[in-house]
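*Asks:* All I have is the shape, not the residue letters:
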């Protein structure tokens, strides 16, 4: 059993209205020094696969097909062995 | 390799597209221009342009921004009318509706961005069209969306030719499961993008269309229309008036969004390399847009502004050059003063950025503080980036250095206009010669009958169910239920409630009726007739709601103008629209042309989408399609015909027999008379209901009148009079003056899509008055039955063809689209 820790973030340069809203809210709370906020998502996916390569292939495909929108987002993931 | 080369040209500057290829390409090709166009620029400037200047010309002289292939033809459209306050050439058309009020209207395509990223593509399309409206000083009050996609489920292509420009000329591939899945993804994304943006920004989405056809595989069409309300004396122009006046850039910060997105993508064919364009996709922010709307409208209440223009395709470049050119002035801006979201942006990137939710405001000198105060109040950036000059030049500075200096007019108005070669598609004769006798007629359920042609194989009730379940006919509730159509609480006829959507004009008794219409299939079969029919049907839709059509806008969606067949279709469409506008006395207030809707040589049908504005003088007289009372008479206003030729391009012919063929036709004089009768009958209070007869023909129209009916009126018993003698046996195809064909068919009677027809219901005692009115205008009218029961019963010459429970038919009609989209109940 493998656990994938997946980070999905907007590509560099893509407008992030949610990040902008968070930044403005932080400023409203007095955090004037916040220079930028980008919001992404973090997913944990447990995969039953025979080896690391097979798990990585599966997770990569999942990211491309569903978990990330490759048009405007990029993703990266780490795999670690997990107890079944 | 032609496609690949072109892709190289428009991929440049955005990401990793073959730099080797670019380094070797001539300068003009790097910005998508021809050698001749480059020479013309050199002539206009009297010198070679620098790289930035060439980039500005490249984007402004692109097909998308310059209309270089369409301009010579668009001049044919009639644009004059007593109500037209602002015609084509501004950000939106404006129509006088009396009481000191006016309606601003505009329609635009966002096809190419939506094909790449459906959610953001459609959302930013909504944002863009809203800006076109409030740029004029108008409060946006309604949005409509006309959408076209490939089929939602796999299936073979219909017989007959489908792709007008395919390399092989004729057949179109069917739709496989992967393609159908992609189409479902596109539909879901586009509808969600529209609803999220529209719902967040607080403007109701009140109507539109969705159609499905093979030719829109890979080339979806997303056309968005917006309507705004404005006091007549508060219209603001997109003009850089007043030398010395300061120029502000307001709204969102500028990033690298969509550089070469809308403009160049929509000016070149799609290829696999479009994938490389992805980082250029713009992301919309409806909450920012809401603030921008309120700030701009507040500012325009006073007289601190001299002109306003939105930033759309080609961003600052088009906005500055167009406002300057319209006023005969120049503009000088400093890109270093533009607020940026990203570091290290070049002047080229700043000038071409298509970041959303930005506007150019030309303030009056000395009133700068007012402008700044309003935008600060709404929490928006308002950066003074330059000033209006008297020398007619667009001068771009970066700090103290001049980086571009060209006559503004040459960017905005001096692009070459091409009268490209035209050629009539070779297959039209074959399509028009289609022999309808090769497909069997419909018959009664179960048994053959003597009134049915030999070989009749299709149960009539089953055929009706098939047509009702077609996604081109079925209820669109799945889509419009995702849209907030009631926000601002002025929507009187919501989507699905009428042939047109109707909005209240507050403070008056008036209403505005809105409809979009376009039938690409008809236009493929006969672009002149198809375009005329689109104008006629859009007008008939608003007339069915009781409104007089007062003006129209349009989106003209076509494949590559470099193909002579496509240019021929384009010209025919323009001529068809012109003929219909003249016959119906409706001016064109503006429009939008989207070429290059093709992928790997397969293009869309010629698809003009008409956006119609109608005016109801008295909102209380609005009309709806559903039957109202049991016992009311049902009549067909317009020609009742069983001529097989009316099956041309019909939904029935497509879904039941798998053909797209024939030649659609319209009598525009009859159409004009019909609409006069209809409006006079509604005005005189004769009618209880009125429903336009269109996709699916008379049978579907009657079924829809039952679905929309009041309790107790959800059924009808109808006997359609057919010509004497059995069908298909050489009798007269028509009825009285409306005759035509040499033989007649039950399916043509029930499913034929002849235009200029409206199904009405009314109290029996009012029928003579309606009949007099119709005859007085030379419009055929036939009483066909009465409202009652809870079944739709249709007999022809006394023989039952349809006898179905309304509830059963309605569930077929309602469930088809959600089912295809895989929606959970």
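*Replies:* Nice, I can see it. Computed from a predicted model, the values in this text were never measured in an experiment.

*Asks:* What backbone torsions are found at residue B:766?
*Replies:* Note on residue B:766: backbone dihedrals following degrees, to the nearest 10 are phi -90, psi -10.

*Asks:* now residue B:434
*Replies:* The phi/psi pair for residue B:434 (degrees, to the nearest 10) is phi -50, psi 130.

*Asks:* List the residues that contact it.
*Replies:* Residue B:434 sits next to B:160, B:648, B:659, B:661, B:662 when contact means Cβ atoms under 8 Å, 6 or more residues apart in numbering or on different chains. All C-beta spots, glycine's among them, are computed from the backbone N, C-alpha and C.

*Asks:* Now do the contacts for the residue nearest to the spatial centre of chain B.
*Replies:* The residue at the geometric middle of chain B, judged as the C-alpha nearest the mean C-alpha position with Cα atoms, centre = their mean, is residue B:609 (3.5 Å). Residue B:609 sits next to B:107, B:146, B:209, B:221, B:223, B:516-518, B:534, B:554-557 when contact means Cβ under 8 Å, 6+ apart.

*Asks:* which pair in the residues you listed spans the largest distance?
*Replies:* The largest separation in the contacts of residue B:609, counting by Cβ to Cβ, is between B:209 and B:556 at 15.3 Å.

*Asks:* rewinding a little: can you tell me which of the contacts of residue B:609 lies closest to residue A:37?
*Replies:* Nearest member of the contacts of residue B:609 to residue A:37, counting by Cβ to Cβ, is residue B:223, at 35.4 Å.

*Asks:* Now stretch B:753-771: average pLDDT?
*Replies:* Taken as a whole, stretch B:753-771 has an average pLDDT of 97.

*Asks:* what's the answer for stretch A:14-26, then?
*Replies:* 93.

*Asks:* Any buried residues in it, and which?
*Replies:* Within stretch A:14-26, the residues scored as buried using 16 or more other Cβ atoms under 10 Å in any protein chain shown are A:14, A:15, A:16, A:17, A:19, A:20, A:23.

*Asks:* Of those residues, just say which sits nearest to residue B:776.
*Replies:* residue A:17 (59.2 Å).

*Asks:* Is it correct that the closest one is in contact with residue B:289?
*Replies:* No. Using Cβ atoms under 8 Å, residue A:17 is not in contact with residue B:289; the gap is 10.3 Å.

*Asks:* more neighbours, residue B:209 and residue B:556?
*Replies:* residue B:556 (26 against 20; other Cβ atoms under 10 Å in any protein chain shown).

*Asks:* For that one, give me its contacts.
*Replies:* B:70, B:570, B:573, B:591, B:592, B:593, B:594, B:607, B:608, B:609.

*Asks:* could you say which helix or strand contains the spatially closest residue to the first one that is not a sequence neighbour?
*Replies:* Excluding its sequence neighbours, the residue lying closest to residue B:70 (Cβ to Cβ, 6 or more residues apart in numbering or on different chains) is residue B:593, at 4.4 Å. For residue B:593, the enclosing helix or strand under DSSP states H and E is strand B:592-594.

*Asks:* Helix, strand, or coil at residue B:497?
*Replies:* Per DSSP: H, G, I helix; E, B strand; the rest coil, the local secondary structure of residue B:497 is coil.

*Asks:* residue ranges with poor pLDDT in chain A?
*Replies:* Across chain A, nothing is flagged by pLDDT under 70.

*Asks:* Let's see that with 90 instead.
*Replies:* Per-residue confidence for chain A (pLDDT under 90) gives these ranges: A:11-15, A:32, A:70-72, A:82-84.

*Asks:* out of everything not next to it in sequence, what's closest to the residue nearest to the centre of chain B?
*Replies:* Counting by Cβ to Cβ, 6+ apart, the residue nearest residue B:609 is residue B:518, at 3.9 Å.

*Asks:* Quick check: the gap between that neighbour and chain A.
*Replies:* 28 Å (Cβ to the nearest Cβ, to the nearest Å).

*Asks:* Contact residues of chain A facing chain B?
*Replies:* A:11, A:13-17, A:20-21, A:24, A:69-72 (Cβ under 8 Å from any Cβ of the partner chain).

*Asks:* Identify the farthest-apart pair in those.
*Replies:* A:24 and A:70, at 28.6 Å, using Cβ to Cβ across these.

*Asks:* circling back: was I right about the residue nearest to residue B:70 contacting residue B:65?
*Replies:* No. The pair residue B:593 and residue B:65 fails to qualify as a contact (Cβ under 8 Å) at a distance of 10.9 Å.

*Asks:* picking that back up, quick one, phi/psi of the residue nearest to residue B:609?
*Replies:* Dihedral angles (degrees, to the nearest 10) for residue B:518: phi -170, psi 140.

*Asks:* okay, it: pLDDT?
*Replies:* 96.

*Asks:* and it, how many residues sit next to it?
*Replies:* Other residues close to residue B:518 by other Cβ under 10 Å number 31.

*Asks:* just checking, next helix/strand downstream of the helix or strand in which residue B:133 is found?
*Replies:* Remark: residue B:133 resides in helix B:118-134, with elements defined by DSSP H and E. Using DSSP H and E, the helix or strand that follows helix B:118-134 in sequence is strand B:139-149.
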